[in-house]
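Colleague: the sequence isn't on hand, but the structure is:
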RNA sequence: GGCCCCAUCGUCUAGCCUGGUCCAGGACACUACCCUUUCACGGUAGCGACGCGGGUUCGAAUCCCGCUGGGGUCACCA
C-alpha cells in the first residue's frame, strides 16, 4: 500500500495559534491512523514545512516558538526542521538527560524552509514561462488598486485576466532585461472540481478563478505556487487545512493540472483535500491576538488611575502609545506590556495561542484532547482520550462540517479532571516543571511539601496557575498576611465563645505537635480532638484557625494548610492573629 | 455585493449517508438536593435542541426544494 504523507505548513509570523495546533494535530493523527488502516508496508509521514515566503513578516523567533509549541503538545514531526525536544508523556513528566531530536530529512525532500527553495520554484517558473503557462506582468500596486476600485464601483468582482492584446514577446523581453515584475498564472478557462473529503464535491466556474500571482516582485513565490510545488515534491498525499483555504483550492488544482515535474516530466498529482471547520470565540468572532488587547483595554478603562497604568506598561509602550491603544480598538500593545498590565489589573488574558495555554498551566495532553473534539469525534460518547487513541481512531469521515466555538469552560473542566486524576506526587513533578518557567514563587515550597500542596490545591484548581492561587497564603510573609475584615468580624469576634478565645485555647494543642511530626493527619487529629474535648462543633474551631493561617474564611483543608506552612510559621501566624485582634 | 461552505440543547456534539428502535443520547455550563470544619471534590436529580416553510412518504432530525440565518473568500499575506 502506498505511504500516507501529511504536512503542517505554518507561516512563521507569530506564535502558534490554537487553530493551527488543531490542524497540526489532525494532520499528525491522520497520517498515523491511515497508515495503520492500510496495513502492510504502508508508512506514515507527518512533515513540517515552514512557509516563510513573506520576507517582511517572517522571523526566526516565530519559527522557534512554533516548533517548541508543537513539541510541547506532543505533536512530533517525522520530517522537517531538526530540533531536540524533551521526552514527555510516558510518565507524565519531562525526562531529564537525553533530548532526542525530531525532524530530519530521510527522503531528501528538503529543505523545509521555503525561503531556501527559491531555485526549485524558479525552475518551474521558467518551465511555465516557456510554455506560456505563466507570464510576466508589470502593473504597479497603484494601478491594481485603481482597477479594483473601479470594479467595486461598478459593483463587479475584480478579476485579473490577461487579454488578447497582451504582448508576450515584448513582456518576456522586459523580464529578461531585469524590469521588476510579477509572474502570473495563465489560467485556462476551465471549471475546476474539488473533491473534498469533508465537504464533498465542489465545482468552481472559471470566471471566478483569475490569473493569480505565482512569483512576487521580490523573487519569492506566493503561497499558492510554493504550496503546490512543495506538496508535489514532498509527496504529500493528504492535505488537511482550515476551511478558510477552500476558495484557494481551485487555484491549486488548476496549477497541478498545468504543471509537470521538471525532473521526471510526470504530471503533478492532486492530493486528497480535507477542509476543517473553523474555530471561533464564544461570541462568534475570530480568535485573534487582538482579543487579548480588547480584554486588557476593557479592564483598563474601568480602572480609576489611568496614569499609573501608563507607568505599568513602560518601557515596552510609551505613554502616547498607551493613550492611543486605549482609544483605538485596532491598536495592539507589545506582549510584555500587555502581560504586565493584566497582572496589575488581576486580569486573566484570554488564551489564544498555544503559548498562552501553556503559561496558564494547561496540560498538553488535555489541550490535544479538547482540540481533537473540536471538529472531530470518535462517533460515540467517548470524550476523554489520548494521542495514542487518536493515532489509531482518527479518520476523515468523522470530521464535522460546522464551525465551532471555543468553549474555555469545557477545556478547564477537562484539565481539572486530569489534574485531579494525578497522584499528588505526579502533580508535584509537573507543577514544579511548569512553575520553573511561569511561576517562580512555587520554588519556595520545598520538595517534600509540594505533594501536600498538590493534594490541597488539585481539587480546587483547573490549571497549574489556579493551583498556585490556592496556596497563595504560603507566599506571604507571616507578618504581612492581610486579614479579611469580614472574616475577622464573623469568625473571630462574634459567637459564644468568640473565635479568638477558641483559637487561644487551641494554640497549645497545635504547638504540642513536634516539628518532625507536623503532618496534615496529625494536625487534623489534634484539631478534632480539641473540638471534641470542648464539645465544640468543628466549624467553631476550624474557622478561627483558618482565618489565623490564611487571613480568610476560605481555604484548602486546615491540616494541609498548616503542613504547607510548617510548624514554625503556623504558630507564628496564630500568635500574630491573637496579638493583632486582641 | 459575487462566489463557496454550513445549519440538532447556551456551547461541543451523537443520530442524518442506509427514513420507523429518537416525545432525540453524551459532555461542558446552569439549577436543586445530599455529603461536609470553609471553599472545593464527590454523589443524585433536574432544566435544555432537530431555524422556518413547502414537498416526498403510511411514517422525516434523517430525502428534495425554497427561505432565513451564520461563516469563509475575493492581495505582489499565508
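Modeller: Sure thing, it's come through. Every value quoted in this text rests on a predicted model; they were computed, and no experiment measured them.

Colleague: so what's the residue count around whichever residue of the stretch 51-200 of chain A sits closest to RNA strand B?
Modeller: At 3.0 Å from RNA strand B, residue A:51 is the closest residue in the stretch 51-200 of chain A, using Cβ to the nearest atom of the strand. C-betas here are computed from N, CA, C, even on glycine. By the criterion of other Cβ atoms under 10 Å, residue A:51 has 20 neighbours.

Colleague: quick one: it and residue A:7 touch, right?
Modeller: No - when contacts are counted by Cβ atoms under 8 Å, residue A:51 is not listed as touching residue A:7 (10.3 Å).

Colleague: low-confidence ranges in chain A?
Modeller: For chain A, the stretches with pLDDT under 70 are A:85-100.

Colleague: show me what contacts the residue nearest the centre of it?
Modeller: By Cα atoms, centre = their mean, chain A has its centre lying nearest to residue A:354, at 1.4 Å. Listed by Cβ atoms under 8 Å, 6 or more residues apart in numbering, the contact set of residue A:354 reads A:15, A:16, A:17, A:18, A:21, A:69, A:72, A:73, A:367.

Colleague: for the residue lying closest to it once chain neighbours are set aside, which residues are in contact?
Modeller: Spatial nearest neighbour of residue A:354, excluding adjacent residues (Cβ to Cβ, 6 or more residues apart in numbering): residue A:69 at 4.1 Å. By Cβ under 8 Å, 6+ apart, the residues touching residue A:69 are A:15, A:16, A:21, A:353, A:354, A:355, A:358.

Colleague: what helix or strand is residue A:5 on?
Modeller: Using DSSP states H and E, residue A:5 maps to strand A:4-8.

Colleague: contact partners of that strand?
Modeller: With contact meaning Cβ under 8 Å, 6+ apart, strand A:4-8 is reached by A:20, A:23-24, A:27-28, A:30-31, A:34-35, A:38, A:42-49, A:70, A:75, A:77, A:231, A:234-240.

Colleague: which among these count as buried?
Modeller: Using 16 or more other Cβ atoms under 10 Å as the burial test, the contacts of strand A:4-8 include A:20, A:23-24, A:27-28, A:30-31, A:34-35, A:44-49, A:70, A:75, A:77, A:231, A:234-240 as buried.

Colleague: related to what we said a few turns ago, just confirm yes or no for the helix or strand following the strand holding residue A:5 near RNA strand B.
Modeller: Heading C-terminal from strand A:4-8, the first helix or strand you meet, by DSSP H and E, is helix A:18-38. No - judged by Cβ under 7 Å from any atom of the strand, helix A:18-38 makes no contact with RNA strand B; its nearest approach is 9.4 Å.

Colleague: which SSE is the residue nearest to residue A:354 in?
Modeller: Element membership for residue A:69, per DSSP H and E: helix A:60-73.

Colleague: do that helix and RNA strand B meet at all?
Modeller: No - Helix A:60-73 stays clear of RNA strand B (Cβ under 7 Å from any atom of the strand), getting no nearer than 11.7 Å.

Colleague: tell me what the following helix or strand past that helix is packed against?
Modeller: Using DSSP H and E, the helix or strand that follows helix A:60-73 towards the C-terminus is strand A:80-84. Identification of packing neighbours for strand A:80-84 by 3 or more Cβ pairs under 8 Å, 6 or more residues apart in numbering; DSSP states H and E yields strand A:44-48, helix A:60-73, strand A:101-104.

Colleague: let me know the angle separating strand A:80-84 from strand A:4-8.
Modeller: 70 degrees (axes from the mean of the first three to the mean of the last three Cα atoms, to 10 degrees).

Colleague: and RNA strand B, is strand A:80-84 touching that?
Modeller: No - Strand A:80-84 is not in contact with RNA strand B by Cβ under 7 Å from any atom of the strand; minimum separation 14.8 Å.

Colleague: ok, that strand: who's next to it in the sheet?
Modeller: strand A:101-104 (antiparallel) (DSSP bridges).

Colleague: mind listing what's buried along the strand it pairs with?
Modeller: Buried residues in strand A:101-104, counted by 16+ other Cβ under 10 Å: A:102, A:103, A:104.

Colleague: distance from the longest helix along chain A to the middle of the chain?
Modeller: Counting residues, the longest helix found in chain A (DSSP state H) is helix A:558-580. A distance of 40 Å separates the centroid of the chain from that of helix A:558-580, by Cα atoms, centre = their mean, to the nearest Å.

Colleague: swap in stretch A:33-44?
Modeller: Using Cα atoms, centre = their mean, the offset of stretch A:33-44 from its chain centre is 29 Å.

Colleague: ok, the closest residue to residue A:43 other than its chain neighbours to residue A:201 distance?
Modeller: In space, and not counting its chain neighbours, residue A:43 is closest to residue A:3: 4.7 Å by Cβ to Cβ, 6+ apart. Counting by Cβ to Cβ, to the nearest Å, the separation of residue A:3 from residue A:201 is 26 Å.

Colleague: could you do residue A:502 as well?
Modeller: For residue A:502 relative to residue A:201 (Cβ to Cβ), the value is 77 Å.

Colleague: repeat for residue A:104
Modeller: To residue A:201, residue A:104 is 37 Å away according to Cβ to Cβ.

Colleague: now residue A:217
Modeller: 37 Å.

Colleague: the two: who's more crowded?
Modeller: residue A:217 (14 against 8).

Colleague: wouldn't the more buried one be in contact with residue A:184 here?
Modeller: No - if you go by Cβ under 8 Å, residue A:217 and residue A:184 don't touch, sitting 11.7 Å apart.

Colleague: so how far is residue A:165 from the closest residue in space to residue A:189 that isn't next to it in sequence?
Modeller: Among residues not flanking residue A:189 along the chain, residue A:206 sits closest, at 4.3 Å (Cβ to Cβ, 6+ apart). Separation of residue A:206 from residue A:165 (Cβ to Cβ): 20 Å.

Colleague: between these two, which is the more surrounded one?
Modeller: residue A:206 (15 against 5).

Colleague: residues from the stretch 1-150 of chain A in reach of RNA strand B?
Modeller: A:9, A:11, A:13, A:51, A:53, A:54, A:57, A:139, A:140, A:141, A:144, A:148.

Colleague: and if we set it to 10 Å?
Modeller: When proximity is defined as Cβ under 10 Å from any atom of the strand, the stretch 1-150 of chain A approaches RNA strand B at A:9-13, A:20, A:49-58, A:114-115, A:137-145, A:147-148.

Colleague: drop anything exposed from these.
Modeller: Counted by 16+ other Cβ under 10 Å, those give A:9-12, A:20, A:49-54, A:58, A:114-115, A:137 as buried.

Colleague: right, and the pair among those with maximum separation?
Modeller: A:20 and A:137 (32.0 Å; Cβ to Cβ).

Colleague: am I right that residue A:275 is in a helix?
Modeller: No - using DSSP: H, G, I helix; E, B strand; the rest coil, the assignment for residue A:275 is strand, not a helix.

Colleague: got the contact list for it?
Modeller: By Cβ under 8 Å, 6+ apart, the contact set of residue A:275 is A:196, A:198, A:199, A:241, A:242, A:243, A:245, A:246, A:249.

Colleague: so which of the residues you listed are also by RNA strand B?
Modeller: Among the contacts of residue A:275, the residues lying close to RNA strand B (Cβ under 10 Å from any atom of the strand) are A:196, A:198, A:199, A:241, A:242, A:243, A:245, A:246, A:249.

Colleague: in helices only, show me those residues.
Modeller: residue A:249.

Colleague: which parts of chain A are strands?
Modeller: A:4-8, A:44-48, A:80-84, A:101-104, A:134-137, A:182-185, A:192-196, A:200-204, A:213-215, A:238-242, A:272-276, A:279-280, A:404-405 (DSSP state E).
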